[in-house]
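Colleague: structure of the sequence below:
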Amino acid sequence: MNNRNGLVTGSLLVLFMLLGSALTVYSVKQEAITLEGNKLYSTESIQVSGDAERIAANAHELAPEARVYVHLPGNARVRNLLIEDASGLSLPLYEGRVFASGEHDKAIVGSEIPVVERGGVEYFEYDGESYEVTGRLGTNEESLLSADVLISDPDRTSGGLGDVVVDLPDAHARYVDAFGADGVASIDGSTNKRTNIDYVSPILLGLGFTIVTIGAAMTGLLAATLLRRRHEVLHLLGHRRARTAAWSAGQVVGVAVGAGLPAALIVAFARDPLVSVGNVLRIEAALAAIVVVVFVLAVVPRKGVRSWS
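Modeller: Below you'll find the model as predicted:
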């Protein structure tokens, strides 16, 4: 790929990488705003009355990543978060991190919550127990969650009765189908009924990601078109088609990687606690894969075709 072709392909890829990254950042921030305004519950969460330990076991039987929130006595804003698989756990934090899988006796607190420091580590104290603080709740220090606390302590669930919130995709239908409808109720949408997040954002994101995906595919086709004549000449000179296509595909991969750097660097230097570089790298990797796959399919001749023209 000569400099001119690389510049054309790279410029288009930079454009689509930036757009895809911007959509990803928008999606992450909108999700954080929704969770913050709805007490950390998604739009699919349900409230279940009964024994907290049994409800948690039921929820985790349906999905290990199910989030189970149990209100603790003495403070209505202190909740016990029970989750078996926390690998996909996402909460609005302006500092720190969420709980890891299997991690207990930890806490995530709002900015107004008093903590004690011992040995350079902050702890939240509740009912005679100390919980190491791993993160700070909310999109910023003045968030709606500034007075909220989440702890991870399965031992405090045993024997507890009351209303427990279960949060997982399609929670109502899945829980009712498996364990019946007794004591099960949907959660009020809160801010979701007063904003356009639930209605406009999915449309914008769907349209935006569709445009980016098509753009990436068309860029792969353009790269194949720009290189096809060169491949024909190399084939006439005795070069093997597979080796030539592999070499060109490697060049396209290099261009795609380079095109993704600007967006990744912007996110890295922005240091937004809500958006990680990993969020951006995932969408960029997907777009790069689309470009390379379409390029290979377009540049390699079909069986029985004797030239690339």
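Colleague: please count neighbours and contacts with C-alpha atoms only from this point.
Modeller: Noted.
Colleague: now do the buried residues in the longest strand anywhere in the chain.
Modeller: Using DSSP state E, we find that the single longest strand of the chain is strand 129-137. Within strand 129-137, the residues that count as buried by 16 or more other CA atoms under 10 Å are 130-137.
Colleague: so how far is it off the chain centroid?
Modeller: 23 Å (CA atoms, centre = their mean, to the nearest Å).
Colleague: give the partner strands of the next helix or strand after it in its sheet and their orientations.
Modeller: Where DSSP states H and E defines the elements, the next helix or strand beyond strand 129-137 is strand 149-152. According to DSSP bridges, strand 149-152 forms sheet pairs with strand 78-82 (parallel), strand 106-109 (antiparallel).
Colleague: let's have those in JSON lines, adding distance to Val149, mean pLDDT and mean neighbour count.
Modeller: As requested, the strands paired with strand 149-152 are arranged in JSON lines below (distance: least, CA to CA, whole Å; pLDDT from 0 to 100; neighbours: other CA atoms under 10 Å):
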{"stretch": "strand 78-82", "distance to Val149": "5", "mean pLDDT": "92", "mean neighbour count": "22"}
{"stretch": "strand 106-109", "distance to Val149": "4", "mean pLDDT": "95", "mean neighbour count": "25"}
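Colleague: format those strands as a markdown table; extra columns: distance to His60.
Modeller: As requested, the strands paired with strand 149-152 are exported to a markdown table (distance: least, CA to CA, whole Å):
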| stretch | distance to His60 |
| --- | --- |
| strand 78-82 | 9 |
| strand 106-109 | 20 |
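Colleague: closest one to Gly20 among those?
Modeller: Nearest to Gly20 among these is strand 106-109; the distance by CA to CA comes to 31.0 Å.
Colleague: center of this structure - which residue?
Modeller: Residue closest to the average C-alpha location in the chain (CA atoms, centre = their mean): Asn279, at 6.3 Å.
Colleague: the domain parsing of the protein - what is it?
Modeller: 3-31+199-299, 40-188 (automatic domain parsing).
Colleague: what's the closest non-adjacent residue to Asp27?
Modeller: Not Asp; residue 27 is Ser. Once flanking residues are discounted, Ser27 sits nearest to Leu205: 7.3 Å by CA to CA, 6 or more residues apart in numbering.
Colleague: what's near enough to touch Arg260?
Modeller: Wrong residue type there; residue 260 is Gly, not Arg. 13-14, 17-18, 281, 284 (CA atoms under 8 Å, 6 or more residues apart in numbering).
Colleague: try Glu132
Modeller: 105-107, 121-124.
Colleague: need the max-distance pair from these.
Modeller: Pairwise distances across the contacts of Glu132 peak at 13.6 Å for Asp105 and Val121 (criterion: CA to CA).
Colleague: okay, Asn3: pLDDT?
Modeller: Note for Asn3: predicted pLDDT of 66.
Colleague: what lies in contact with stretch 286-302?
Modeller: Contact partners of stretch 286-302, identified using CA under 8 Å, 6+ apart, comprise 17, 212-213, 216-221, 223-225, 227-228, 241-242, 245, 249, 252-253, 256-257, 307-308.
Colleague: try it again at 6 Å.
Modeller: When contacts are defined by CA atoms under 6 Å, 6 or more residues apart in numbering, stretch 286-302 is touched by residues 216-217, 220-221, 224, 256, 308.
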